[in-house]
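Student: What shape does this take:
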Amino acid sequence: MYSGTLHVSLDTVQPLYQAADLLQLDYVKVTCSSYMAMNLERSTCVDLFRFADAFSADMLLNRCRQWISRHFAEFVSSEEFCSLSVNQLTEIISHDELMLKEETTVWEAVVRWVQHSREDRLHHLPIILPHIRFNLLTSDDTAAILDHPLVREDPGSSEIIRNVGK
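Tutor: As a prediction, this is how the structure comes out:
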């Protein structure tokens, strides 16, 4: 701190940021945020997104959102994707700049997230569904989703899908 030199590594950057946050050392927080943003990739994205969300590190959070938007299919296939909270998941799938070939990719990601811990997450489905753009799906895709076991298991979900899809 007194030398004016800051040695940052992937192993130390988050604890260093936390200490800087506690001590209100904004220049250290900026340096750490920049370092994390430079090391944003598939293996670090979920962890950095969750970290940035927890600490309101806006610059890092925005970079994570941009990376996720550009690499959504890759992002949701990572093991860490299932560790997102329901709020983080809905924030991501609501992002207007998601680069997708088909909106069904979002539905498949939601199914994967719910299935990861079905008993704990199934009740979140009515909260998540309004964030899927059902109006971008074909009628066949919508019919398949309405017939999905997760939707059939929750009576309110099919009504939400019909209302959102209009």
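
Student: among the helices and strands of this protein, which has the poorest mean pLDDT?
Tutor: helix 155-164 (a mean of 76; mean pLDDT, DSSP states H and E).

Student: Buried residues in that one, which are they?
Tutor: Neighbour-count burial for helix 155-164 flags 157-158, 160-161 (criterion: 16 or more other Cβ atoms under 10 Å). Every C-beta, even on glycine, is put in place using the N, C-alpha and C of the backbone.

Student: Which strands and helices lie in contact with it?
Tutor: Applying 3 or more Cβ pairs under 8 Å, 6 or more residues apart in numbering; DSSP states H and E, one finds that helix 155-164 makes contact with helix 125-128, helix 139-146, helix 149-153.

Student: Just send those back as CSV, with distance to Asp47, mean neighbour count and mean pLDDT too.
Tutor: Rendered in CSV, the data for the helices and strands packed on helix 155-164 read as follows (distance: least, Cβ to Cβ, whole Å; neighbours: other Cβ atoms under 10 Å; pLDDT from 0 to 100):
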stretch, distance to Asp47, mean neighbour count, mean pLDDT
helix 125-128, 22, 17, 90
helix 139-146, 30, 14, 87
helix 149-153, 27, 14, 85
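
Student: For the helix or strand containing Ala19, buried residues please.
Tutor: Ala19 belongs to helix 13-23 when assigned by DSSP states H and E. Within helix 13-23, the residues that qualify as buried by neighbour count (16+ other Cβ under 10 Å) are 13, 16-17, 20-21.

Student: and if you look at stretch 105-118?
Tutor: In terms of neighbour count (16+ other Cβ under 10 Å), stretch 105-118 has its buried residues at 106-107, 109-111, 113-114.
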